[in-house]
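Novice: got a predicted structure here, sequence first:
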There are 2 protein chains.
Amino acid sequence: MADRVNSVQPLAIGIDIGGTGTKFGIVDRNANILFSSEISTRGHLEVEGFIDELYLALAPLIEKVGGVERISGIGVGAPNGNYYTGTIEYAPNLPWKGIIPLARLIQDRFGLPVVLTNDANAAAIGEMMYGAAQGMKDFIMITLGTGVGSGIVANGKLIYGHDGFAGELGHTITIPNGRLHEGTGKYGSLESYASATGVRLTALEVLQKSTEDSLLRKVPVAQLDSKYVYDAAIQGDKLAQEIFEFTGQILGLALANFVMFSSPEAIILFGGLTKSGDLILKPTRESMEANLIQVFRNKVKILVSHLKEADAAILGASALVWDMNKELI
Amino acid sequence: MADRVNSVQPLAIGIDIGGTGTKFGIVDRNANILFSSEISTRGHLEVEGFIDELYLALAPLIEKVGGVERISGIGVGAPNGNYYTGTIEYAPNLPWKGIIPLARLIQDRFGLPVVLTNDANAAAIGEMMYGAAQGMKDFIMITLGTGVGSGIVANGKLIYGHDGFAGELGHTITIPNGRLHEGTGKYGSLESYASATGVRLTALEVLQKSTEDSLLRKVPVAQLDSKYVYDAAIQGDKLAQEIFEFTGQILGLALANFVMFSSPEAIILFGGLTKSGDLILKPTRESMEANLIQVFRNKVKILVSHLKEADAAILGASALVWDMNKELI
C-alpha cells in the first residue's frame, strides 16, 4: 500500500503573473489543469500582500488535490523574471519596483520549491513538455502579443545566458534606424513591427501614405487594432492585406537571423497575431526562406502553438517544475 | 609502475583544414603543441589521396610521442564540417565536391576516434579549453578573417542546432537591402561588411564617395586591403579611420543582436581584423552598447583572443577531443 501512495501522480503549481491578472492552477504531467483561478496583479502595492492573497486563493485548491504533499513544486512565469536569482528585476508593467525576490517569498509562504523565469521562457518549456515542441531538442518559441517575447531551447535546454536574461529576441534590431520603440528608445527592433502594437502602427502608417479606399478608414483611430486589420483582410481589403504582408516580411527576416544563430528544428509561434493564420504566416515563411543561406533552406518548420491561450500560461509555468526535476523523475 | 604508465598525459591530434593549407599537430592538455606540420589542401582531387598524404605526414610525429596508444583522438576543424554526421558538405573552397564522409575516412586510416566540426566552432572550443573563455559557460566566438565565422557556447556546450550547422552569424542580415555578398547572393549580411573582404569594399566605396585626400589613394586598387587601411589609419589618415569606424558600427550592431539572443558573458574576437585593435574595437563596443536594451548594458566583455594565430587552429581542433571526452576524463 505504501507503494501505491508513492505512485500517486505528482502535481505542479503553475503561476503566470501578467501586467493585470495573475493566473494559477494545479497541473498534472499530462497537461490536465485540475483546478485553476485568477487574482488581480494590481491589488497590492507591496508584494507581500500580493503573496498573501495568492496563498489564500491557492490553499483551498491544494487541499482539494490532497494537500501539499502531492505538489512537487511551483513554477512561476513573470515579466523580467530571472531564473538564476529567482528575482523580478525592474519590471515596467508590475506594481512592485526594483528587484523583488519573488521565488524566495513564494517558497517561504508555501513551503515548496519554486522556480521562476520570464513568461516566454515558461511558454517554451510548456511547448516542450506538453505542446508542439515535444521531443525537440532545438527550437525557438516566439510569443506575438502586445510585445514580442522569446524562449530559446538548444541541446534540450533553455538558454538563460550568463545572467539569466537571454532570449530577448523582440528587442533585436531588425531594421536599423527603423521605427522608434517607445519603451526602449531603440529604433527598428522586431517588437516595434511584429507585435499587436506594431501592426497598429503599421496600419496607421499605411493609411496615411496611401489614398486607396479601405475598410480600416471607417474604424476610429483610437480603436484600430490588429483584430480590425484581420477582419478587413479576410474581407479582401487590399491595405489590410498589405499590412500583414509587411509585418510578415519583417518577422521572416528576423526569424532567418535566429535560424542562422541556433539552427532550430522549428520556430513555434504563439499569441494574438497567429490568429491571422496564413495572412501573416505565408509572408513570414517566404521572407524567412528568402533570407536564409542555402544550408538552412526548406528545413525549419514554422509552427503555431496548439495550446489554448487561456491554459498555456499556467501550463508553461507548471512545466518549469518538471523541467527542474528532469534528472530526478 | 603500471600506474605510472597510465598516468602519462593523454595527447590529442588537431587537424585544421583550410582552403589552401592543412595544419596539424599533436597537443597536450596544457595547450603545448609537441609537434606540428602542414600539407597542401589542394594536392589531391580525390579526398582519399589527401588522407594518405596526411597519414604519411602524421605517422612519424605519432611515433615520436610514443605511438598511437598515447593519442586519445583526432579533432578536425573544416569549412562546412558537420559535427553530427562527420561530413563536409558542399564546401565551396575545398577541392572535394558534394558530401565527404571525412571523419569516417580519417578514423579508418588512423584507427582513432575522430570528431569534426567547422573551423569557427573548433576555435570556440579551443578558447574554452585553452584561451580567453576558460571557465565560461556562455560566450560567443567570432572569427574576423576573409569571412566571418562563429561558434556559440551556451550552458557550457557548443550549439550545433538540430542539423549540425548552427552558428552562421556571418550570414545574418545586419543591414537589410545592404551590400551584396557575392558568395551567397544575399544583401547586407554581417560578412559583407565585417570581414577583410568587407573592409576592402568599404574602402573602395569611401574613396569613391569622398574627394578628401588619403594615403589609400596611392595604393593600387588591386592591392588595397585591410592591412593598408590599418597602416593609413595609425598614421592619422581620416578616411582610413572612417572605414574602421563604419565597420565597427555594423559589427557592434550585429553583436548587440547576438547578445540579446544568448546573453553571453563575453564575445571573443579572433582573426586578422582584430590586429587593428582599438581602431575597430572602440566603435564596435560603442555601437554594441548603443543598440542593447538596458538589462544587457555594460555587462558583456568584448575580448580579443590571445592564442597565437598560427597555433589557434590546431589547438581548437585538438580541443574537440577533450570536449568529446569531457565526461570521461
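Specialist: Thanks, I have the structure now.
Novice: which residues of chain A score low on pLDDT?
Specialist: Applying pLDDT under 70 to chain A flags the ranges A:1-7, A:325-329.
Novice: the helices in it, which residues?
Specialist: A:2-6, A:47-64, A:102-110, A:119-130, A:191-194, A:196-209, A:226-234, A:238-262, A:278-291, A:309-324 (DSSP state H).
Novice: so who does the residue nearest to residue A:10 when sequence neighbours are not counted touch?
Specialist: Nearest non-adjacent residue to residue A:10, counting by C-beta to C-beta, 6 or more residues apart in numbering or on different chains: residue A:72, 4.5 Å away. All C-beta atoms are positioned from the backbone trio N, CA, C, and that covers glycine. Contacts for residue A:72 (C-beta atoms under 8 Å, 6 or more residues apart in numbering or on different chains) come out as A:10-12, A:113, A:321-322, A:325.
Novice: can we see that at 6 Å?
Specialist: A:10, A:12, A:321 (C-beta atoms under 6 Å, 6 or more residues apart in numbering or on different chains).
Novice: which single one of those residues is nearest to chain B?
Specialist: Checking the contacts of residue A:72 against chain B with C-beta to the nearest C-beta, the nearest one is residue A:321 at 19.3 Å.
Novice: that closest one contacts residue A:73, correct?
Specialist: Yes - applying C-beta atoms under 6 Å as the test, residue A:321 and residue A:73 come out as touching, 4.1 Å apart.
Novice: look at the two and report which has more neighbours.
Specialist: residue A:321 (28 against 20; other C-beta atoms under 10 Å in any protein chain shown).
Novice: list the contacts for the more buried one?
Specialist: Applying C-beta under 6 Å, 6+ apart, the residues near residue A:321 are A:12, A:72-73, A:75.
Novice: near chain B, which residues of the stretch 101-250 of chain A are found?
Specialist: Proximity of the stretch 101-250 of chain A to chain B (C-beta under 6 Å from any C-beta of the partner chain) is limited to residues A:138, A:154-155, A:157, A:159, A:161-163, A:165-166, A:168, A:171-173, A:184.
Novice: show me those residues that map onto strands.
Specialist: Taking DSSP state E as the definition of strands, those contribute A:154, A:157.
Novice: for the residues of the stretch 101-250 of chain A next to chain B, name the two members farthest from one another.
Specialist: Using C-beta to C-beta, the pair of these lying farthest apart is A:155 and A:184, separated by 29.8 Å.
Novice: tell me, how many residues neighbour whichever residue of the stretch 51-200 of chain A sits closest to chain B?
Specialist: Nearest to chain B in the stretch 51-200 of chain A, going by C-beta to the nearest C-beta, is residue A:161, at a distance of 2.4 Å. By other C-beta under 10 Å, the residues close to residue A:161 number 27.
Novice: before we move on, what about the one 5 residues further on?
Specialist: By other C-beta under 10 Å, the residues close to residue A:166 number 27.
Novice: equivalent analysis for the one 10 residues further on, please.
Specialist: Other residues near residue A:176 number 16, with proximity taken as other C-beta under 10 Å.
Novice: so which of the helices of chain A is nearest residue B:92?
Specialist: Closest of the helices of chain A to residue B:92 is helix A:238-262, at 17.0 Å (criterion: C-beta to C-beta).
Novice: before we move on, back to that, quick one: the residue of the stretch 51-200 of chain A closest to chain B and residue B:155, what's the gap?
Specialist: 9 Å (C-beta to C-beta, to the nearest Å).
Novice: residue A:290 too?
Specialist: Residue A:290 sits 32 Å away from residue B:155, taking C-beta to C-beta as the criterion.
Novice: quick one, which of the two is more surrounded?
Specialist: Legend: neighbour count by other C-beta under 10 Å for residue A:290 and residue B:155, higher for residue B:155 (17 against 13).
Novice: partners of the spatially closest residue to the more buried one that is not a sequence neighbour in the sheet?
Specialist: With sequence-adjacent residues excluded and distances taken as C-beta to C-beta, 6+ apart, residue B:155 is closest to residue A:157, at 5.1 Å. Beta-bridge pairing of residue A:157 under DSSP bridges involves residue A:154.
Novice: list the contacts for the residue nearest to the spatial centre of chain A?
Specialist: Computing the C-alpha centroid of chain A and ranking residues by C-alpha atoms, centre = their mean puts residue A:120 first, at 3.4 Å. By C-beta under 6 Å, 6+ apart, the residues touching residue A:120 are A:143, A:149-151.
Novice: columns distance to residue B:96 and neighbour count on top of these, output as a markdown table?
Specialist: Below are the contacts of residue A:120 laid out as a markdown table (distance: C-beta to C-beta, whole Å; neighbours: other C-beta atoms under 10 Å in any protein chain shown):
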| residue | distance to residue B:96 | neighbour count |
| --- | --- | --- |
| A:143 | 44 | 28 |
| A:149 | 44 | 26 |
| A:150 | 39 | 26 |
| A:151 | 40 | 32 |
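Novice: run a quick neighbour tally on residue A:308.
Specialist: 9.
Novice: and for residue A:196?
Specialist: When neighbours are counted by other C-beta under 10 Å, residue A:196 registers 18.
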